[in-house]
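> For reference, the sequence and a predicted model appear below.
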Amino acid sequence: MFPRKELLKDGSLLLIREASIWDAKRIVEYMKEVTSETDFLITRPDEVYDVSTERNYIRMYRNNPGKLMIVGEINREIVSLLTFTGFGRKRTKHVGEIGISVKKRYWGIGIGTRMITSAIEWARKNGFVRIQLEVLKSNERAISLYRKLGFELEGIKRKAVRRDDGSFEDVLVMALLLD
């Protein structure tokens, strides 16, 4: 299933592949960039893992059949990262949660759609029935994408995130049921 190449709206080619431990340094650099350019991510730049911890995190994902970490690259530059974390308990083994980010200068050309669609296909092939995610209520662009892909609003976690200025923001819980 991976690697795969996808043509984007602007004509560029997106390579989607599983992350490897050799990507750790580049993923840390990517995360420092994306966490500093938007308030839509929970992680702050000073909370990004160091390279050694990231390498262990990637290894954990690669060694667990219920987890997936994929990167999206354009011309060898990491422009997107998606994690799919399958739940481990017997009663919830059919459930997984997605987390995704895209570099801001690449928003709007179809990367999020291609990355999430790839994860949905992978989840189907691996026996998952439910995919869920959380998104800040103010992230209308992402919410629109998730709705387009079939995710539905299931709940609101009120005052779930505290912004740097001390204000609070609600988080929406959305899910897609795979039939």
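Thanks, I have the structure now. Numbers count the residues shown, from 1 in each chain.

> Please report how far the residue most central in space within the chain lies from Leu68.
Residue closest to the mean C-alpha point of the chain, counted by C-alpha atoms, centre = their mean, is Ile100 at 1.8 Å. Going from Ile100 to Leu68 by C-beta to C-beta, to the nearest Å gives 12 Å. Quick note: C-beta positions are derived from backbone N, CA and C, even for glycine.

> Quick one: the helices in this protein, in order.
24-37, 51-62, 111-125, 140-148 (DSSP state H).

> thought Lys67 was touching Gly88?
No - here Lys67 does not reach Gly88: they are 9.5 Å apart, not a contact under C-beta atoms under 8 Å.

> which one of those two has more residues nearby?
Lys67 (16 against 10; other C-beta atoms under 10 Å).

> Tell me how many other residues surround the closest residue in space to Phe151 that isn't next to it in sequence.
Nearest in space to Phe151, with sequence neighbours left out and distances taken as C-beta to C-beta, 6 or more residues apart in numbering, is Met174 at 4.2 Å. Using other C-beta under 10 Å, Met174 is surrounded by 21 other residues.

> One more: Lys148?
Lys148 sits with 11 neighbouring residues when counted by other C-beta under 10 Å.

> Skip the chain neighbours and tell me the closest residue to it.
Nearest residue to Lys148, sequence neighbours excluded (C-beta to C-beta, 6+ apart): Thr113, at 7.5 Å.

> Tell me which residues touch the residue nearest to Leu15 when sequence neighbours are not counted, please.
Nearest residue to Leu15 in three dimensions, chain neighbours excluded: Glu73, at 4.5 Å (C-beta to C-beta, 6+ apart). Applying C-beta atoms under 8 Å, 6 or more residues apart in numbering to Glu73 gives the contacts Leu14, Leu15, Ile16, Arg17, Val79.

> partner residues bridging Glu73?
Here Glu73 sits in beta bridges with Leu15, Ile78, going by DSSP bridges.

> Going forward, count from 44.
Will do, 44 is the new start, and the previous item becomes Glu116.

> if I look at it, how far off is Arg167?
From Glu116 over to Arg167 the distance is 24 Å, taken as C-beta to C-beta.

> Tell me which residues touch Ser63, please.
Contacts for Ser63 (C-beta under 8 Å, 6+ apart) come out as Ile101, Arg105.

> Return the backbone torsion pair for it.
Main-chain torsions, Ser63, degrees, to the nearest 10: phi -120, psi 160.

> Any figure for the gap between it and Lys75?
As judged by C-beta to C-beta, Ser63 and Lys75 stand 19 Å apart.

> beta partners of Met217?
Under the criterion used (DSSP bridges), Met217 bridges to Leu176, Leu196.

> ok, it - contacts?
Gln175, Leu176, Glu177, Val178, Ile186, Tyr189, Phe194, Glu195, Leu196, Glu197.

> can you pull the contacts of the third one?
Remark: with contacts taken as C-beta under 8 Å, 6+ apart, Glu177 is in contact with Glu140, Lys200, Ala203, Val214, Leu215, Val216, Met217.

> Good, wrapping up.
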